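S.K.: Predicted coordinates and the sequence they were generated for:
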Amino acid sequence: SYRIHMIIAETTAQPAHCSTMTSSPTESNKIMSPDDITKAKSEIYDDEDEFEDAVEERPNEADDNGNFEVTAEEISVIRAELACEFPDDYTYLSESYIKSVASKPYSKDLSKRRPLEYSTEKLSQVLQWRQEEGISQLLDLIRLTLGPENSPEALADPEKMVKAKAVATALNTASQYWHGFTKDGKPIFWVRTNRKFWYPDVDAELKALIILTDAGIRSMPQGTTEFVVVSDSTSPPPPNPSYMIGMLKGLVKGYPDRLGLLMSAPVSSIIQFVMKLLLPLMPGRLSSKVLLYDMDRMVSKLEEILPNGKDDIPTFFGGPANHDEFYPEEGYAKYQGKGSLKFDYFGMVERLEAARDEWIASEIKK
């Protein structure tokens with residue numbers, strides 16, 4: 001296996017050329033310049049401290065996971081601050097998540113926990129980002145695409161219907177979805193890069209990603225705060241810097257400390273190119289959770305983390321589990337409603353909640 005910084009170290013000796021891809025947009029044909037990196041960082045991070053919040057070492061006073069103790073009283077203080085500033089939205093943040101964010105080591109002094117003020121500000125930025133992005137209204141787009149284009153709701157707001165159709169188009173590829181949990185109760189987000197558009201509608205793709213991410217978080221067992229991403233990176237599309245920066249911005253500002261692990265296989269020249277674009281923009285705490293594997297190593301890791309081992313490995317990694325039964329490409333979709341959405345979003349949520357309940361029941365029996 002390779003951590004992504006190891007991959008980059010091996011590939012930076014020579015520049016990435018267009019010949020590493022069949023075809024690509026002009027903006028993808030070069031590594032980002034120092035000015036591009038600085039500009040991107042300013043979009044993603046409010047200050048340098050936020051980027052430097054990149055601890056990989058475990059402080060002496062922390063637990064085995066590198067986290068410090070946070071008392072119930074301290075959690076209450078943070079919740080009270082957030083409730084004053086965001087009275088309608090603060091309940092989105094569970095106590096477990098608040099504790100997870102507040103328990104991390106402080107980048108300026110690795111022997112100490114993040115100050116309460118720092119953690120409160122970080123969580124405040126999450127809620128502020130959600131307001132600015134209009135996250136609470138995104139599910140309305142899904143509901144709008146369930147009906148025909150001449151429905152009263154669609155005719156009443158044509159501009160909203162256009163956005164809804166674009167999000168539906170992004171979801172209909174079934175290039176990303178939630179399915180199942182890890183042995184330790186983290187929901188798994190599967191990415192199938194060969195299904196992604198070469199020239200995507202970036203805004204619609206990011207909205208679709210947010211809608212899906214929120215669905216996974218809502219389905220987490222109590223006490224779980226992280227998710228796992230598994231990517232089948234066979235035949236990925238050319239890298240799109242605008243999408244990648246937007247994705248990273250969402251992960252940093254909207255979902256800090258949510259990514260528990262990201263595993264990707266196989267390692268192609270395009271994936272290496274993507275990592276060369278993203279690595280200068282990623283805090284070490286985040287980049288250390290991204291692992292690039294060959295196919296054999298991926299199968300081995302999946303067997304370790306999936307509840308039923310080999311039996312849960314999907315067909316696209318050589319296993320018996322047929323994800324296409326639930327998440328086929330659009331032309332084979334069983335869900336064919338009156339509207340433009342063919343991806344079975346609500347079925348995905350129901351299956352994920354059922355898998356969560358099954359995991360909880362198995363934990364109770366232990």
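M.R.: Great, that's in hand.
S.K.: the helices in the stretch 251-366 of the chain, which residues?
M.R.: 269-278, 284-287, 295-305, 345-365 (DSSP state H, counting those that start in this stretch).
S.K.: how about those in a markdown table, adding mean pLDDT, mean neighbour count and distance to P152?
M.R.: Just so you know, the C-beta spots here come from the backbone N, C-alpha and C atoms, and that holds for glycine as well. As requested, the helices of the stretch 251-366 of the chain are arranged in a markdown table below (pLDDT from 0 to 100; neighbours: other CB atoms under 10 Å; distance: least, CB to CB, whole Å):
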| stretch | mean pLDDT | mean neighbour count | distance to P152 |
| --- | --- | --- | --- |
| helix 269-278 | 83 | 20 | 43 |
| helix 284-287 | 80 | 18 | 44 |
| helix 295-305 | 97 | 16 | 47 |
| helix 345-365 | 95 | 14 | 21 |
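S.K.: Ranking helices and strands of the chain by mean pLDDT, which lands last?
M.R.: Ranking every helix and strand in the chain by mean pLDDT, DSSP states H and E puts helix 4-11 at the bottom, with a mean of 39.
S.K.: if we can go back for a sec, CSV please, covering the helices of the stretch 251-366 of the chain and showing distance to S111.
M.R.: Below are the helices of the stretch 251-366 of the chain laid out as CSV (distance: least, CB to CB, whole Å):
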stretch, distance to S111
helix 269-278, 30
helix 284-287, 16
helix 295-305, 31
helix 345-365, 34
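S.K.: how about those helices, which one is nearest D109?
M.R.: helix 284-287 (15.2 Å; CB to CB).
S.K.: how about that closest one as PDB, C-alpha atoms only?
M.R.: Extracted in PDB, the C-alpha atoms of helix 284-287 (Å, rounded to 0.1, in the frame of the first residue of the first chain):
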ATOM      1  CA  GLY A 284      -1.600  16.300   6.900                       C
ATOM      2  CA  ARG A 285      -4.400  15.100   9.200                       C
ATOM      3  CA  LEU A 286      -6.600  14.600   6.100                       C
ATOM      4  CA  SER A 287      -4.000  13.300   3.600                       C
END
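S.K.: Centre of the chain to it, how far?
M.R.: Centroid separation for helix 284-287 versus its chain: 14 Å, with CA atoms, centre = their mean, to the nearest Å.
S.K.: What is that helix packed up against?
M.R.: In terms of contacts (3 or more CB pairs under 8 Å, 6 or more residues apart in numbering; DSSP states H and E), helix 284-287 is packed against no helix or strand at all.
S.K.: for the helices of the stretch 251-366 of the chain, which one sits closest to K253?
M.R.: Distance to K253, taken as CB to CB, is lowest for helix 284-287 among those, at 12.2 Å.
S.K.: thinking again about what came up before, which of the helices of the stretch 251-366 of the chain sits closest to L116?
M.R.: Closest of the helices of the stretch 251-366 of the chain to L116 is helix 284-287, at 19.0 Å (criterion: CB to CB).
S.K.: Show the residue spans covered by the helices in the stretch 101-250 of the chain.
M.R.: 116-132, 138-144, 152-156, 158-172, 202-218, 241-249.
S.K.: Isn't V77 up against E117?
M.R.: No: with contact defined as CB atoms under 8 Å, V77 and E117 do not form a contacting pair (10.2 Å).
S.K.: Looking at these two, which is more packed in?
M.R.: Using other CB atoms under 10 Å as the criterion, V77 and E117 rank with V77 on top: 14 against 10.
S.K.: Tell me what angle the helix or strand hosting the more buried one forms with helix 116-132.
M.R.: Using DSSP states H and E, V77 sits within helix 72-85. Relative orientation of helix 72-85 and helix 116-132, computed by axes from the mean of the first three to the mean of the last three CA atoms, to 10 degrees: 40 degrees.
S.K.: then helix 72-85 to PDB, C-alphas only?
M.R.: Taking Å, rounded to 0.1, in the frame of the first residue of the first chain, the C-alpha atoms of helix 72-85 are listed here in PDB:
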ATOM      1  CA  ALA A  72     -19.800  16.800  29.300                       C
ATOM      2  CA  GLU A  73     -19.700  20.300  30.700                       C
ATOM      3  CA  GLU A  74     -17.300  21.400  27.900                       C
ATOM      4  CA  ILE A  75     -19.600  19.900  25.300                       C
ATOM      5  CA  SER A  76     -22.500  21.800  26.800                       C
ATOM      6  CA  VAL A  77     -20.600  25.000  26.600                       C
ATOM      7  CA  ILE A  78     -19.900  24.500  22.900                       C
ATOM      8  CA  ARG A  79     -23.500  23.600  22.200                       C
ATOM      9  CA  ALA A  80     -24.700  26.600  24.000                       C
ATOM     10  CA  GLU A  81     -22.400  28.900  22.000                       C
ATOM     11  CA  LEU A  82     -23.600  27.300  18.700                       C
ATOM     12  CA  ALA A  83     -27.300  27.500  19.800                       C
ATOM     13  CA  CYS A  84     -27.000  31.200  20.400                       C
ATOM     14  CA  GLU A  85     -25.400  31.800  16.900                       C
END
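S.K.: That helix - contacts with which helices or strands?
M.R.: By 3+ CB pairs under 8 Å, 6+ apart, helix 72-85 packs against helix 95-102, helix 116-132.
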